[in-house]
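Asks: Sequence and computational prediction follow.
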Amino acid sequence: MNISWLYKTLETLTDLLLPKEEKVKLLETLGPAGLCEKIPPTEHPQAIFSYKNSLCRQAIWEIKFRGNKKLIRDFSLLLYEHILEELGDLATFSNFKNIVLLPVPSSKSSAREKGFNQCVLICRELIRIDQERKQKTFTLVENLLIKKINTPHQSRARNREERLNNLKNTFEIKDTDLNLADFSFLLIDDVITTGATMTESFRALKEAGAKRVMGVALAH
């Protein structure tokens, strides 16, 4: 059976039968295992789910604009497991240790409007999960990477080149006493589209002296 066709058929039925409010209720009842059953995975190595799926888009919207605690918890549990799998190889082959979580920063205006940065909330949940499991996989630094310039929303850009130009030189590293070369940095985002945000984040970190950087997201 064609799995992609099956997912597309289920998505169409879901759109027809469930209004947005009902979708949210459904998403909140699924739990991590149910999310994996209802939302197709992405082939992108840095993300978990396919953003093309309507349930995934609804979940990300809830996380991004409402800070939905239940969905942040469930998606973070899945992201945590994904990260552990990635780190298993990186620690062996790339000396990816002394790991610091870095949330992709939002602009000051966006943070004021919403009252939060969803990537910070995800990072805090990842730390909470790590502590619950009595691990010390990583630490969290919330304001090391900052967005110094407000830019138009990335969804308005027409292609990857425009997204890259939109973000060029907008991120920087805040003054710090840390020697960035001593740490491995794990960037956390909600959605990867063209990869422009990750590219700009990597640039800022590496120009400041970071040697080991990777990024992961909930969806692509």
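Replies: Happy to help now that I have it.
Asks: what residue is smack in the middle of the chain?
Replies: Taking CA atoms, centre = their mean, the centroid of the chain lies closest to Asp189, which sits 2.4 Å from it.
Asks: Check which residues of the helix or strand it falls within are buried.
Replies: Element membership of Asp189, judged by DSSP states H and E, is strand 184-191. Using 16 or more other CB atoms under 10 Å as the test for burial, strand 184-191 gives 184-191. Bear in mind the C-beta positions are built from the backbone N, C-alpha and C, glycine included.
Asks: And stretch 172-179, by the same measure?
Replies: Buried, per 16+ other CB under 10 Å, within stretch 172-179: 172-173.
Asks: Extract the CA atoms of it and return them as PDB.
Replies: Extracted in PDB, the C-alpha atoms of stretch 172-179 (Å, rounded to 0.1, in the frame of the first residue of the first chain):
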ATOM      1  CA  GLU A 172      24.400  37.700  16.700                       C
ATOM      2  CA  ILE A 173      26.000  36.300  19.800                       C
ATOM      3  CA  LYS A 174      25.500  38.300  23.000                       C
ATOM      4  CA  ASP A 175      28.700  39.300  24.900                       C
ATOM      5  CA  THR A 176      29.700  36.300  27.000                       C
ATOM      6  CA  ASP A 177      32.600  35.000  29.000                       C
ATOM      7  CA  LEU A 178      32.100  31.600  27.500                       C
ATOM      8  CA  ASN A 179      34.700  30.100  25.200                       C
END
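Asks: Name the next helix or strand downstream of the longest helix belonging to the chain, please.
Replies: Looking across the chain with DSSP state H, the single longest helix is helix 69-93. As assigned by DSSP H and E, the chain's next helix or strand after helix 69-93 is strand 99-103.
Asks: what is the orientation angle of that next one with strand 184-191?
Replies: Calculated by axes from the mean of the first three to the mean of the last three CA atoms, to 10 degrees, strand 99-103 forms an angle of 30 degrees with strand 184-191.
Asks: Residues touching strand 99-103, excluding its own?
Replies: With contact meaning CB atoms under 8 Å, 6 or more residues apart in numbering, strand 99-103 is reached by 87, 117, 119-120, 122-123, 126-127, 137-142, 144-145, 183-188, 201, 205.
Asks: same check, this time on stretch 131-149
Replies: 83-84, 87, 99-108, 120, 123-124, 126-127, 130, 169-174, 176, 178, 186-187, 201, 204-205.
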